[in-house]
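K.L.:
Quick one: sequence and predicted model below, then my questions.
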Amino acid sequence: MKTRHLLAVLSLAFASMLPCAAETQWQKQLAEKLPLLGHRNWIVIVDSAYPWQVSPGVETLATGAGQTDVVKAVFAALAKTTHVRPIVYTDAELPHIAEQDAKGITAYRTELAAILADRKVQALPHEQIIAKLDEAGKTFHVLVLKTKLTLPYTSVFLQLDCGYWNAESEKNLRETLKAAAPSN
């Protein structure tokens, strides 16, 4: 009788842990993939209706988590790296969606603005960003993290750039190489 009781208690304890384990599985996968990602790769945090893309380099993970929770977690993970930094894009359509058409969009915009407050954000039309992802996915890896959010045009697109080299350094290098090239 004691063994059956112990097994029942353990079963209940294990079952109560399952949702938590499912919620953190995507974070474990992100942690495993992040060291492999580099300059020109993308991480995209999307709503639940975002399409499953078929480009060979596009990988989609269902997070089962809230959109802003995933955005925060991805930025936290990126902050711990030195090899990449994100260039942030959002949908140009987002500021123009009426609350009456998408209940909760105002609160979402407010929360996202607070998360992105210290970052430079570029807004482009959704289809233009999708085309960038499709093109990038032909050569580079794109990691799509699908959330449970049900609001339109709420994707956050992170194009990864080199974390220890910047455009100014690249420009200086190119000028040095040009000056060092033999004249014909």
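P.N.:
The structure has been received and is ready for your questions. Numbers count the residues shown, from 1 in each chain.
K.L.:
low-scoring pLDDT stretches of the chain, where are they?
P.N.:
Along the chain, the parts satisfying pLDDT under 70 run over 1-23, 184.
K.L.:
Leaving out sequence neighbours, find the closest residue to A98.
P.N.:
I105 (7.7 Å; C-beta to C-beta, 6 or more residues apart in numbering). For glycine as for every other residue, the C-beta is placed from the backbone atoms N, C-alpha and C.
K.L.:
Does the one you found touch L112 like I think?
P.N.:
No: judged on C-beta atoms under 8 Å, I105 makes no contact with L112 at a distance of 10.2 Å.
K.L.:
which neighbours do those two share?
P.N.:
T154 (C-beta atoms under 8 Å, 6 or more residues apart in numbering).
K.L.:
How many residues are close by P51?
P.N.:
Neighbour count of P51, defined by other C-beta atoms under 10 Å: 10.
K.L.:
hey, C-alpha coordinates of stretch 124-131 in CSV?
P.N.:
Extracted C-alpha coordinates of stretch 124-131, given in CSV (Å, rounded to 0.1, in the frame of the first residue of the first chain):
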residue,chain,number,x,y,z
LEU,A,124,9.5,47.4,-42.6
PRO,A,125,6.4,46.1,-44.3
HIS,A,126,5.8,42.5,-43.2
GLU,A,127,6.0,41.0,-46.7
GLN,A,128,9.4,42.8,-47.2
ILE,A,129,10.8,41.2,-44.1
ILE,A,130,9.4,37.8,-45.0
ALA,A,131,11.2,38.1,-48.4
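K.L.:
Now that stretch: buried residues?
P.N.:
Neighbour-count burial for stretch 124-131 flags L124, H126, I129, I130 (criterion: 16 or more other C-beta atoms under 10 Å).
K.L.:
Equivalent analysis for stretch 116-125, please.
P.N.:
For stretch 116-125, a neighbour-count test (16+ other C-beta under 10 Å) marks L124 as buried.
K.L.:
cool, and stretch 171-184?
P.N.:
Using 16+ other C-beta under 10 Å as the test for burial, stretch 171-184 gives no buried residues.
K.L.:
Put the alpha carbons of that stretch into CSV.
P.N.:
Provided in CSV are the C-alpha atoms of stretch 171-184 (Å, rounded to 0.1, in the frame of the first residue of the first chain):
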residue,chain,number,x,y,z
LYS,A,171,35.1,50.4,-43.5
ASN,A,172,38.6,51.1,-42.1
LEU,A,173,39.8,47.7,-43.1
ARG,A,174,38.5,48.1,-46.7
GLU,A,175,40.2,51.5,-47.0
THR,A,176,43.4,50.0,-45.7
LEU,A,177,43.2,47.2,-48.2
LYS,A,178,42.5,49.6,-51.0
ALA,A,179,45.4,51.8,-50.1
ALA,A,180,47.7,48.8,-49.8
ALA,A,181,46.7,47.4,-53.3
PRO,A,182,49.4,47.7,-55.9
SER,A,183,48.7,50.3,-58.6
ASN,A,184,48.4,49.0,-62.2
